[in-house]
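after the sequence you'll find the predicted model.
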Amino acid sequence: MRPKIRVVGAMIEREGRYLITQRPPKASLPLLWEFPGGRVEPGETDPEALARELREEMGIAVEVGERAVHVEHTYEQYEIDFCVYRCRLVGGEIQHLRVHDHRWVRPDELDDYEFPAADEKTIAKLLDL
């Protein structure tokens, strides 16, 4: 049986553009783009995990809002239980602490970036809204 990993992502919008980040070259799924976020650790709520991950990865503070999308996806080695939350940037300047790069992109530009399969499903759901 594959391990199931709970993952949270942030949908941060500014002037009609969304923040996406690029995975580091040595990470799993290297150099792919994604909504920033990460794993939920034991004992954490989704909002706590999301706030911690964004602080650790980019040095930013967010206010976590409503859940926008929930998808499940099976990769070869593991399963992802993935929730994306609408977030508001409330502090800090984006630094590349644990991300390779970042972009602010319009929804119609998302197809120009390569995302992991679970994120592709998320984006498809978001663009249908």
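Nice, thanks for sending it over. Numbers count the residues shown, from 1 in each chain.

where does pLDDT dip in this protein?
Applying pLDDT under 70 to the chain flags the ranges 128-129.

do that again at 80, thanks
Across the chain, the ranges flagged by pLDDT under 80 are 125-129.

quick one: the strands in it?
Residue ranges of the strands in the chain, as given by DSSP state E, are 4-14, 17-22, 33-34, 37-39, 61-74, 79-91, 101-105.

of those, flag the one that's most buried.
Mean neighbour count (mean count of other CB atoms under 10 Å) peaks for strand 33-34 among the strands of the chain, with a mean of 23. The C-beta positions use only the backbone N, C-alpha and C, and glycine is treated the same way.

before we move on, back to that, could you export the strands of the chain as a markdown table, including distance to residue 113?
What follows is the strands of the chain, written out as a markdown table (distance: least, CB to CB, whole Å):
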| stretch | distance to residue 113 |
| --- | --- |
| strand 4-14 | 14 |
| strand 17-22 | 6 |
| strand 33-34 | 4 |
| strand 37-39 | 16 |
| strand 61-74 | 17 |
| strand 79-91 | 16 |
| strand 101-105 | 7 |
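
tell me which of those lies nearest to residue 47.
Closest to residue 47 of the strands of the chain is strand 61-74 (CB to CB; 3.9 Å).

the closest one: partners in the sheet, and parallel or antiparallel?
strand 79-91 (antiparallel) (DSSP bridges).

returning to that earlier point: so which of the strands of the chain gets nearest residue 46?
Smallest distance to residue 46 across the strands of the chain (CB to CB): 4.9 Å, for strand 4-14.

what's the angle from the closest one to strand 79-91?
Angle, strand 4-14 to strand 79-91, by axes from the mean of the first three to the mean of the last three CA atoms, to 10 degrees: 30 degrees.

ok and strand 4-14 relative to strand 17-22, angle-wise?
Strand 4-14 and strand 17-22 are oriented at 140 degrees to each other (the same axes, to 10 degrees).
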